[in-house]
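Peer 1: Sequence first, then the predicted structure, then my questions.
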Amino acid sequence: MDYLIPGMLGFLVGAVAYGLTYDAIFPKISALANYGNTVIPDLWDVKPSLVIIFFTLLSLFLFYLIDRKGWQRKEK
């Protein structure tokens with residue numbers, strides 16, 4: 001219960017900071033990252049099946065690491 005007040009204060013401070021800086025920051029970020037209506041295979045210029053295979057293998061590798069290294073949540 002001791003973590004509730006600092007967490008809520010941090011949440012509120014972050015929300016206020018975001019609200020105050022939105023008009024100045026968002027247009028610059030949006031101009032940099034505006035690729036329109038695109039998908040990853042179009043950005044990388046590869047076939048969609050290769051992207052699916054890549055992310056499938058990456059996910060399986062991460063699941064393997066989590067299992068082997070013991071990075072699961074610990075019981076309380």
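Peer 2: Right, received. Where do you want to start? Numbering: from 1, shown residues only.

Peer 1: how much space between F26 and K47?
Peer 2: 34 Å (Cβ to Cβ, to the nearest Å). Placement of C-beta: from N, CA and C, glycine included.

Peer 1: Same question for A24.
Peer 2: Taking Cβ to Cβ, one finds A24 at 41 Å from K47.

Peer 1: next one: M8
Peer 2: Using Cβ to Cβ, we find M8 at a distance of 47 Å from K47.

Peer 1: what does I5 give?
Peer 2: Taking Cβ to Cβ, one finds I5 at 52 Å from K47.

Peer 1: Identify the residues contacting stretch 46-60?
Peer 2: V39, I40, P41, W44 (Cβ atoms under 8 Å, 6 or more residues apart in numbering).

Peer 1: Would you format those residues as CSV with pLDDT included?
Peer 2: What follows is these, written out as CSV (pLDDT from 0 to 100):
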residue, pLDDT
V39, 92
I40, 91
P41, 94
W44, 90
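
Peer 1: Go through these and flag which are in helices.
Peer 2: I40, P41, W44 (DSSP state H).

Peer 1: how about the first one, what does it touch?
Peer 2: By Cβ under 8 Å, 6+ apart, the residues touching I40 are V51.

Peer 1: just the last one next, same as before
Peer 2: Contacts for W44 (Cβ under 8 Å, 6+ apart) come out as V51.

Peer 1: Check the spacing between it and T38 real quick.
Peer 2: For W44 relative to T38 (Cβ to Cβ), the value is 10 Å.

Peer 1: cool, and G19?
Peer 2: G19 is 29 Å from T38, by Cβ to Cβ.

Peer 1: do R73 as well
Peer 2: For R73, the distance to T38 - Cβ to Cβ - is 36 Å.

Peer 1: Over to F55?
Peer 2: Taking Cβ to Cβ, one finds F55 at 17 Å from T38.

Peer 1: Kindly report the same for F11.
Peer 2: Counting by Cβ to Cβ, the gap from F11 to T38 is 33 Å.

Peer 1: Domains in this structure, by residue range?
Peer 2: Domains of the chain are assigned by automatic domain parsing as 1-34, 36-76.
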